[in-house]
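Undergrad: I'll drop the sequence and a predicted model, then ask my questions.
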Amino acid sequence: MLFRLKHFFLFTFLVASLSSSLFAQNKRVLVVPYTRFQFVSEFSLEEIAMHNDVKSDEVFSVYQSELNTAFTGYENLTFIPISSEDYGEIKKFIRYNIDKFKGRKYNASNLSLLPDEAYKSLLEENNASYILFINWYKISKSVHTVYVGDRNKRTKYSTHLIDYDIYNREKVKISGKANYPLKCGDFPSQSVINHKSLNAKELTVCYKSLLDELAKELSNSTNK
């Protein structure tokens with residue numbers, strides 16, 4: 001009996017692993033990033049620019065570039081940044097507002113004005129099964145605490161929060177979340193601490209928890 005149970009659990013694990021692998025290979029997600037008006041910060045652009053060694057008017061582009069790097073470099077799911085041409089075709093139909101998903105408020109996208117055929121063509125042309133809208137990117141001031149012996153060393157730091165939603169092929173919203181944090185770990189590098197977690201290049205690895213969460217959500221929606 002014990003022998004059979006062991007083989008049953010092994011078989012279940014292998015099936016789950018295979019299903020996850022096939023999901024990652026077959027599903028592509030089109031990504032619509034936040035706009036300049038949806039990028040907000042409690043830090044000045046001048047300070048963020050200083051930590052990125054760029055000019056103030058380059059901060060938005062630097063952050064978006066690293067977002068694309070993090071998403072396209074993810075191995076467990078294929079994310080495709082929307083092209084400027086495709087975004088130009090749909091942006092006039094997209095509205096943003098405060099909405100609720102499963103009872104929780106967040107900054108949401110609204111696709112009610114986007115024609116169904118245009119939505120279908122957008123996914124088909126990109127060979128995508130889902131579309132992800134990143135509707136809000138907020139940089140909040142926070143504090144990082146390092147414990148040294150019996151003392152606490154507190155340094156100025158930042159927290160990066162994202163609101164997003166996801167639609168399936170039928171243009172049905174299957175997820176919507178507010179204030180999902182980029183997680184850089186309890187023990188970030190000294191460089192991350194020195195830059196108050198404002199250096200965009202150092203944030204690339206911090207997207208992993210968000211990407212894992214998205215992969216989990218999409219896998220669960222497929223298995224329902």
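TA: Noted; the coordinates are in hand.
Undergrad: touching stretch 134-154 from outside, list them.
TA: 31-34, 38-43, 48, 63, 67, 96, 106-109, 155-165, 178-179, 188, 193, 197-198 (C-beta atoms under 8 Å, 6 or more residues apart in numbering). No exception for glycine: its C-beta is placed from N, CA and C like everyone else's.
Undergrad: mind redoing it with 7 Å?
TA: Contacting residues not belonging to stretch 134-154 are listed as 32-34, 38-43, 96, 107-109, 155-165, 193 [C-beta atoms under 7 Å, 6 or more residues apart in numbering].
Undergrad: what's the answer for stretch 178-186, then?
TA: The contact list for stretch 178-186, computed with C-beta under 7 Å, 6+ apart, reads 104-107, 159-164, 192, 197, 203, 206-207, 209-210.
Undergrad: what pairs with residue 40 across the strands?
TA: Taking DSSP bridges as the rule, residue 40 bridges to residue 138.
Undergrad: same check on residue 177?
TA: residue 164.
Undergrad: let me see the contact set for it.
TA: Contact analysis of residue 177 by C-beta under 7 Å, 6+ apart lists 106, 163-164.
Undergrad: quick check: it vs residue 69, distance?
TA: Separation of residue 177 from residue 69 (C-beta to C-beta, to the nearest Å) stands at 22 Å.
Undergrad: returning to what we had before: what subset of the contacts of stretch 178-186 is buried?
TA: For the contacts of stretch 178-186, a neighbour count by 16 or more other C-beta atoms under 10 Å gives the buried set as 106-107, 159-160, 162-164, 192, 197, 203, 206-207, 210.
Undergrad: quick one: which of the contacts of residue 177 is nearest residue 132?
TA: Nearest to residue 132 among the contacts of residue 177, counting by C-beta to C-beta, is residue 164 at 6.2 Å.
Undergrad: my guess is residue 48 contacts residue 58. True?
TA: No: taking C-beta atoms under 7 Å as the definition, residue 48 is not a contact partner of residue 58, at 10.0 Å.
Undergrad: which one of these two is surrounded by more residues?
TA: The neighbour comparison of residue 48 against residue 58 (other C-beta atoms under 10 Å) goes to residue 48, with 23 against 14.
Undergrad: let me see the contact set for the more buried one.
TA: 41, 59, 198.
Undergrad: recalculate using a threshold of 8 Å.
TA: So residue 48 contacts 41, 56, 59, 139, 198 (C-beta under 8 Å, 6+ apart).
Undergrad: quick check, pLDDT for it.
TA: Residue 48 is assigned a pLDDT of 98 by the prediction.
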